[in-house]
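Student: below: sequence and its predicted model.
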Amino acid sequence: MKVTVVGAGAVGASCAEYIAMKNFAAEVVLVDIKEGFAEGKAMDLMQTASLNGFDTKITGTTGDYSKTAGSKVAVITSGIPRKPGMTREELIGINAGIVKEVTANLVKHSPDVIIIVVSNPMDTMAYLVHKTSGLPKNKIIGMGGALDSARFKYRLAEALECPISDVDGMVIAAHSDTGMLPLMSKATRNGVPVTEFLDAEKQAYVEEETKVGGATLTKLLGTSAWYAPGAAVSVMVQSILCDHKKMIPCSLMLDGEYGQSDICLGVPAIIGANGVEKIVEIALTDAEKEKFETAAKAVREVNGDLKF
Ligand SMILES: NC(=O)c1ccc[n+]([C@@H]2O[C@H](COP(=O)([O-])OP(=O)(O)OC[C@H]3O[C@@H](n4cnc5c(N)ncnc54)[C@H](O)[C@@H]3O)[C@@H](O)[C@H]2O)c1
Ligand SMILES: O=C(O)C[C@H](O)C(=O)O
């Protein structure tokens, strides 16, 4: 099956690389606006095929969306990343126009496509795609929770001084420095609640480092991260193409779930061949519910800046 990745920059190329390396897609089409850039990235990646042992065909195009026709999944990574000291929300002015235009082009050539939104501010960009694409809500999925949960597990393993494969955990709510909600109450090490091993101070440290995970990397790198974002997208694309029905926290349009409507926020969902197959409602503590509501309020304010 064909996957399109729009934006052949840091994150887009990382998405294409991980998807190809896992060898589950027939073709990945990279699209960029910069002349020759997507073609160059595709050629460079294809020259890793014999070295890395994959058969996925990667092609590139400068803005020719006819090449994306018939895509099962399209990933939108086009847009600007933040610089150190910025918030994701500050990117809305430039990225909203890009995401809207890219969405229209994708849907024109692949009317049945499932769109994964990556460009920031991601929860608001996912909302924009819902409002402008005409696609059903099961076909629009924002990527944030998969990445934030991976960062949560990284920080948990660091605090527990254990391998990452020992820990499990999930981050829901908003993909923002203040609106992420790492679910400490549900995180485990081999089935045992991590709260049995970590004191309140260590729990608070893990939560805070998780929430500012993207900002920490942006400060170190001078631009935002790409390896873990690309890997997170590849897991979501694989769950769709292979109908794995994995439970992944994603930014989805809510219609009463978690007490919210007409907003995209990170919640656990079953991701399969139909895109979002089910939103999973889990019991939150009162404190978690309050944080979820605060995050929703902040995302609504950013959504208010959109012009359709
Ligand atoms: N949701 C997440 O978890 C997450 C994670 C990482 C990055 N991001 C976001 O992803 C976006 C991309 O980040 P990056 O580091 O890859 O940036 P980048 O600058 O490396 O790449 C962006 C690419 O988009 C291209 N582009 C711009 N306008 C376009 C258009 N109209 N059509 C096609 N291509 C276009 C640019 O030419 C560029 O190559 C940013 O908004 C960033 O904040 C989100
Ligand atoms: O931090 C960013 O701006 C990029 C992305 O949202 C991330 O979390 O890595």
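Tutor: Cool, got the structure. Ligands and ions are numbered 1, 2, ... in the order given.
Student: for ligand 2, what's the nearest residue on this structure?
Tutor: Relative to ligand 2, the nearest point of the chain is residue 214 (2.3 Å; C-beta to the nearest ligand atom). Every C-beta, even on glycine, is put in place using the N, C-alpha and C of the backbone.
Student: that residue: how many residues sit nearby?
Tutor: Burial measure for residue 214: 25 neighbouring residues, criterion other C-beta atoms under 10 Å.
Student: name the helix or strand for it, please.
Tutor: In the assignment (DSSP states H and E), residue 214 maps to helix 213-221.
Student: for that helix, packing partners?
Tutor: Counting contacts by 3 or more C-beta pairs under 8 Å, 6 or more residues apart in numbering; DSSP states H and E, the secondary-structure elements packed against helix 213-221 are helix 145-160.
Student: got a list of contacts for the helix it packs on?
Tutor: Counting by C-beta atoms under 8 Å, 6 or more residues apart in numbering, helix 145-160 makes contact with 163-164, 166-172, 175, 180, 182, 187, 189, 194, 197-198, 202, 205-206, 209-210, 213, 228-229, 231-233, 235-236, 248-251, 266-268, all of which sit outside it.
Student: now with 6 Å?
Tutor: 164, 167, 169-171, 180, 182, 187, 189, 194, 197-198, 202, 206, 209-210, 213, 228-229, 232, 235, 248-250, 266 (C-beta atoms under 6 Å, 6 or more residues apart in numbering).
Student: contact partners for residue 53?
Tutor: With contact taken as C-beta under 6 Å, 6+ apart, residue 53 is in contact with no other residue.
Student: report the separation between it and residue 230.
Tutor: According to C-beta to C-beta, to the nearest Å, residue 53 stands 18 Å off from residue 230.
Student: and if you look at residue 209?
Tutor: Residue 209 sits 21 Å away from residue 230, taking C-beta to C-beta as the criterion.
Student: looking at these two, which is more packed in?
Tutor: A count of neighbours by other C-beta under 10 Å puts residue 230 above the other of residue 209 and residue 230, at 24 against 18.
Student: now do the contacts for the most centrally placed residue in the chain.
Tutor: In the chain, the centroid-proximal residue (C-alpha atoms, centre = their mean) is residue 143; its distance is 1.7 Å. For residue 143, the set of contacting residues under the criterion of C-beta under 6 Å, 6+ apart consists of 116, 118, 232, 233.
Student: could I get these as JSON lines with distance to residue 105?
Tutor: Shown next, in JSON lines, are the contacts of residue 143 (distance: C-beta to C-beta, whole Å):
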{"residue": "116", "distance to residue 105": "16"}
{"residue": "118", "distance to residue 105": "16"}
{"residue": "232", "distance to residue 105": "24"}
{"residue": "233", "distance to residue 105": "19"}
